[in-house]
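*Asks:* okay, structure incoming, though there's no sequence with it:
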Ligand code: ACM
């Protein structure tokens with residue numbers, strides 16, 4: 001028996017490790033989004049046949065490579081016998097850059113980091129095509145690629161409505177495919193505190209629940225349905241790890257001094273408790289509300305403790321986002337304590353008090369080894385020279401910050417608010433109600449993150465751009481996908497591709513070729529041809545969230 005089985009095993013090994021035969025001629029090129037810096041394809045010539053799958057060289061990247069390629073239906077095997085997909089290091093390449101070369105026999109990836117290799121794999125995964133006999137293959141091609149910006153982000157608001165962690169992971173999967181590298185996670189707001197903080201359990205015991213929400217489609221009426229939920233620290237660690245494995249850093253946002261009603265409801269001593277009719281409540285409607293943190297030592301001690309836990313949960317995030325937007329000053333005006341603090345610190349008005357507050361918080365953020373980033377209102381009362389600014393209102397705030405040497409991330413409402421309307425065609429149903437605005441796909445694509453009027457030298461202060469997805473009218477993953485896709489693909493391209501390669505018609509052509517993948521992944525994207533949801537079968541939630549997980 002032994003003598004008969006050995007040759008059989010040997011011959012099997014020979015079959016699986018033989019060099020793959022080339023595919024037939026390939027006519028259809030790849031449709032990569034975001035468009036690479038340089039892509040040369042040999043159309044009409046044989047490509048790399050995937051009919052037998054692909055042998056990946058063993059190494060630290062092989063597991064990830066296998067996962068990315070299997071996700072697009074390619075059979076993989078990790079083997080050092082005639083490997084067909086091989087990785088090598090070129091330290092001269094930038095952190096996120098890569099070189100990818102596909103011939104009928106072999107695929108090589110060069111990068112200086114696993115991140116660069118990951119992007120090469122995403123380009124490869126997006127290049128699966130068929131030869132003229134219908135065999136699955138890659139076209140013969142050579143790509144050299146690197147991103148235009150280092151911040152390619154999407155903001156998820158988990159406060160007005162929260163998605164379970166498993167759905168945040170689905171979002172991460174799609175962001176990774178399109179080479180995003182940042183997820184900004186908005187975790188605290190008036191309508192709910194959504195991150196477990198061990199030292200302050202009431203933040204989630206009290207601050208994560210509201211008694212009702214506006215009715216979808218009738219925004220001024222309460223639905224009468226309690227809404228609550230938060231992410232445990234274990235869930236957050238798990239999501240952060242999942243994102244890291246996909247090249248995505250999660251930047252947490254803890255809002256100060258405004259958008260703080262949930263925190264103040266949990267710990268009323270943190271608010272301006274010396275004002276008349278002081279009665280904080282987790283907010284049950286949408287808008288801007290008066291409860292803001294008192295500028296006291298007690299508040300700064302609380303924030304120090306919270307930021308300690310937050311910094312530990314997000315070890316790879318270079319930043320902590322501290323909000324800073326839409327902080328009405330009425331309570332500070334009325335509070336004798338706040339006024340006394342202003343006097344003691346020589347602050348002329350409440351805007352200067354805001355600046356004082358943000359600078360105090362910046363010291364805390366820095367003490368955890370992180371940089372502060374905040375919405376453009378952190379400029380009120382004077383911008384800290386070391387803060388980074390997320391510009392959402394007027395582009396002139398970006399110029400103002402850049403001229404002072406501060407870094408900016410562009411998230412302009414007019415072009416990058418993905419909770420806004422996308423133009424005609426949306427279903428006229430309550431679940432498809434939007435907050436307002438008008439940001440069609442073409443407007444996202446037209447946006448240049450570098451503001452006009454700044455010098456070449458100053459461009460380095462533009463870290464990149466980000467789409468914001470506020471969730472007042474986004475109760476679940478299905479509506480989220482409708483709002484975000486395919487506009488996120490336009491965003492991916494303006495964040496990655498050199499300006500001179502931008503071409504809307506070419507982008508739309510490639511976009512159409514991406515839709516089958518989104519269909520396969522069951523994404524409820526907005527159909528670019530008619531605005532309808534890709535999955536009319538899904539039911540969009542109108543009330544309480546799924547419990548965690
Ligand atoms: C914002 O949209 N309030 C940053």
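*Replies:* Nice, thanks for sending it over. Everything numeric here is computed off the predicted structure, so don't read it as measured data. Numbering: from 1, shown residues only.

*Asks:* need the contact list for the closest residue to residue 97 other than its chain neighbours.
*Replies:* Ranked by Cβ to Cβ, 6 or more residues apart in numbering and with sequence neighbours excluded, the top spatial neighbour of residue 97 is residue 146, at 3.6 Å. For every residue, glycine as well, the C-beta is placed using N, CA and C. Residues counted as contacts of residue 146 (Cβ atoms under 8 Å, 6 or more residues apart in numbering) are 37, 93, 94, 96, 97, 98.

*Asks:* what's downstream of the worst-scoring helix or strand of the chain on mean pLDDT, the next helix or strand?
*Replies:* Across the helices and strands of the chain, mean pLDDT, DSSP states H and E gives its lowest value to helix 2-17, namely a mean of 39. Sequence order places strand 22-25 as the next helix or strand after helix 2-17, per DSSP states H and E.

*Asks:* that next one: how far from the chain's middle?
*Replies:* Computed by Cα atoms, centre = their mean, to the nearest Å, the separation of strand 22-25 from the middle of its chain amounts to 38 Å.

*Asks:* and what of stretch 138-156?
*Replies:* On Cα atoms, centre = their mean, the centre of stretch 138-156 falls 15 Å from that of its chain.

*Asks:* repeat that for stretch 298-311.
*Replies:* 25 Å.

*Asks:* buried residues in it?
*Replies:* Within stretch 298-311, the residues that count as buried by 16 or more other Cβ atoms under 10 Å are 299, 300, 302, 303, 304, 306, 307, 309, 310, 311.

*Asks:* try stretch 226-233
*Replies:* Under the neighbour-count criterion of 16+ other Cβ under 10 Å, stretch 226-233 has 227, 228, 229, 230, 231 buried.

*Asks:* which residues does it contact?
*Replies:* 158, 161-162, 165, 187, 192-196, 198, 204, 208-213, 239, 309, 313, 543-545, 547-548.

*Asks:* contact partners for residue 268?
*Replies:* 278, 280.

*Asks:* show me where the stretch 151-300 of the chain has its strands.
*Replies:* Using DSSP state E, counting those that start in this stretch, the strands of the stretch 151-300 of the chain run over 151-157, 182-186, 188-189, 192-193, 209-210, 214-215, 218-222, 227-228, 249-256.

*Asks:* given the fourth one, what are its sheet partners and their directions?
*Replies:* Each strand paired with strand 192-193, and its direction, by DSSP bridges: strand 188-189 (antiparallel).

*Asks:* chain neighbours aside, what residue packs nearest to residue 286?
*Replies:* Distances taken as Cβ to Cβ, 6+ apart place residue 472 nearest to residue 286, at 4.4 Å, with adjacent residues excluded.

*Asks:* the one you found against residue 433, yeah?
*Replies:* No: with contact defined as Cβ atoms under 8 Å, residue 472 does not count as touching residue 433 (9.3 Å).

*Asks:* tell me how many other residues surround the closest residue to the ligand within the stretch 201-350 of the chain.
*Replies:* For the stretch 201-350 of the chain, the residue closest to the ligand is residue 325, as judged by Cβ to the nearest ligand atom, at 4.2 Å. Burial measure for residue 325: 17 neighbouring residues, criterion other Cβ atoms under 10 Å.
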